[in-house]
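Asks: Provided below for reference: sequence and predicted model.
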Amino acid sequence: MEEENITRLTIDGKEFILIGTAHVSRQSVDEVKQVIESEQPDAVCIELDEQRFQAMMEGNKWKDMNIFQVIKERKSSLLLMNLAISSFQKRMAKQFGIEAGQEMKQGIESAEHIGAELVLADRNIQITFARIWREVGFWGRAKLLMGIILSIFSKDTITEKELEEMKSQDTLNAVLHELTETFPRLKKPLVDERDQYLSHKIKEAPGEKIVAVLGAAHVPGIKKEIKREQNIEELTKVPPKSVLPKVIGWAIPVLIASIIIYTFIANPTAGIQQMISWGLWNGSFSALGTAIAMAHPLAILTAFVAAPITSLNPLIAAGWLAGAVQALIRKPNVRDFEALSDDVYSVKGFWRNRVTRILLIVVLANLGSTLGTVIGGADVIRLFFENIG
């Protein structure tokens, strides 16, 4: 048997066999089957959490989604991120005839075949995303969202470089690879912490012989971490929201509003200029983002009218309102939810499907409003110094 991708460890009388797989390799699928069926382990650990396991085994239950609830709970960006990852996988599957994650499916099937206990060893993806979100900060989040949008626009083929990345990383790592280079701190929640979590779950797996099916990129870290004790409570903690963004979120609107009011009292003409500038910059950029998402004219108008107001109130966002209006006018039907997994394959599908179009409207309208706030706020300050300062 080829041992190049297999690591054998013995710790406290338990034997651990780590299979370092490539997520787009047929050879890895065959190797997983061969190792599990020849070794006959007591347990098989796979690099999936419960959410991804259910999605893999049952398919994403898009029909159960309430699009208004998604907007209300501020999960549009997260859902769009998941769909972008799905899009990347589907493009790869079509081009190379390889479905990402087949080696995990084989691990599940082989474990069932020999009667081994299946252990879902990866950390909940929502916790990973939450910890990533904390690391990148405000502008990092905006850049992440823009990267997701641009990935949707990308060509329908995968380059050789991207394929090589997929061979040495798991799907999540590969999709966020470019952002990880920009923000080195992301390596901690995306790779290091998951190495620790995976190590803990593998050590805790029942039986004397354990086989773990892992992305090759995780094997070196797990070889180190499996000999250490991990603080699993700390690794699964959803980070509390920082107070600073809230303070800044309220401080900027209060500052802008105060400047406009003061200017209006001192020089009504200049104050009116500030209000017009604020309204046009905010409304125009938010409406532009909504228009790019090919929204209904009423949704575009909603973004234009709402953005100057919502930019002064951190509790609400123009994108949420524009998205809600779009959902009311062009409510997604059963066909849209059923076709979602196929439509995310192409740019045309993203814009054709009513569900993804609403998500794009929310995200692009909010990004536009953010840009409008920066430019509009700068212009308000400029007019203040020109007329009052």
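Replies: Sure thing, it's come through.

Asks: C-alpha only now, for contacts and for neighbours.
Replies: OK.

Asks: Spell out the residue ranges of the strands in this protein.
Replies: Ranges of strands in the chain, per DSSP state E, are 6-11, 14-21, 43-46, 117-120, 209-215.

Asks: Now do the contacts for Ser311.
Replies: Contacts for Ser311 (CA atoms under 8 Å, 6 or more residues apart in numbering) come out as Pro253, Asn282, Ala317, Ala318, Ser369, Thr370, Thr373.

Asks: So the last one versus Gly107, what's the distance?
Replies: Put plainly, it is Thr373. Per CA to CA, to the nearest Å, Thr373 is found 50 Å from Gly107.

Asks: got it, and the fifth one?
Replies: According to CA to CA, Ser369 and Gly107 sit 46 Å apart.

Asks: Look at the closest residue to Val380 other than its chain neighbours and say how many residues are nearby.
Replies: Nearest non-adjacent residue to Val380, counting by CA to CA, 6 or more residues apart in numbering: Gln274, 5.2 Å away. Using other CA atoms under 10 Å, the number of residues around Gln274 comes to 26.

Asks: State the pLDDT value of Gln274.
Replies: For Gln274, the pLDDT comes out at 94.

Asks: on that earlier part again, out of the strands of the chain, flag the one nearest Glu233.
Replies: Glu233 sits nearest to strand 117-120 of all the strands of the chain, at 17.1 Å, using CA to CA.

Asks: who touches the closest one?
Replies: Contacts of strand 117-120 (CA under 8 Å, 6+ apart): 42-50, 53, 108, 111-112, 201, 205-206.

Asks: try 7 Å this time
Replies: Residues from elsewhere that reach strand 117-120, judged by CA atoms under 7 Å, 6 or more residues apart in numbering: Asp42, Ala43, Val44, Cys45, Ile46, Glu47, Leu48, Asp49, Glu50, Ile108, Ala111, Ala205.

Asks: what's the neighbour count on the fourth one?
Replies: Residue neighbour count, defined by other CA under 10 Å, stands at 27 for Cys45.

Asks: Contacts only, for it.
Replies: Residues in contact with Cys45 (CA under 7 Å, 6+ apart) are Leu118, Val119, Leu120, Ala121, Ile202, Val211, Ala212, Val213.

Asks: Same question for the last one.
Replies: Contacts for Ala205 (CA under 7 Å, 6+ apart) come out as Ala43, Val119.

Asks: Out of the contacts of Ser311, list just those in helices.
Replies: Per DSSP state H, helices hold the following members of the contacts of Ser311: Pro253, Asn282, Ala318, Ser369, Thr370, Thr373.
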